[in-house]
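J.: Got a predicted model here, sequence first, then my questions.
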Amino acid sequence: MDNEGDLQESYRADYSSVELAFDLKNITLKMTSNQRDILKYLILGWSDSEIASFLHFSRQYVNREKKKYINF
């Protein structure tokens, strides 16, 4: 019985991962390449300043784009 519960929990976790990947794919299809780049580096844990410097954007632009993602 314990193995069955573990299997069900594993299935739920796998399904959630697939569902998240699908949702992210649909969201990113609507984004510009700049927006996708910013999102990628935010996911990797970069700060607004690091992203702005690396991509040659202003920190304010990166911050504005980040706020849009929060409202998605």
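T.: Yes, it's here. Model, not experiment: these values are computed from the prediction. Numbers count the residues shown, from 1 in each chain.
J.: How is this protein partitioned into domains?
T.: Partitioning the chain according to automatic domain parsing yields domains covering residues 1-30, 31-72.
J.: and Glu9, what pLDDT?
T.: According to the prediction, Glu9 has pLDDT 64.
J.: before we move on, back to that, just say which of the domains of the chain is most tucked in.
T.: When the domains of the chain are scored by mean count of other Cβ atoms under 10 Å, the highest mean neighbour count falls to domain 31-72 (a mean of 14). (C-beta placed from N, C-alpha, C; glycine too.)
J.: Skipping adjacent residues, who's closest to Trp46 in space?
T.: If you skip the residues right next to it in sequence, Trp46 has Phe54 as its closest partner in space, 7.5 Å away by Cβ to Cβ, 6 or more residues apart in numbering.
J.: Check Glu50 too.
T.: Distances taken as Cβ to Cβ, 6+ apart put Tyr41 closest to Glu50, at 7.3 Å, once the chain neighbours are dropped.
J.: Contact partners for Asn39?
T.: For the record, residue 39 is Leu, not Asn. Neighbouring residues of Leu39 by Cβ atoms under 8 Å, 6 or more residues apart in numbering: Thr28, Met31, Tyr69.
J.: Sounds good, over and out.
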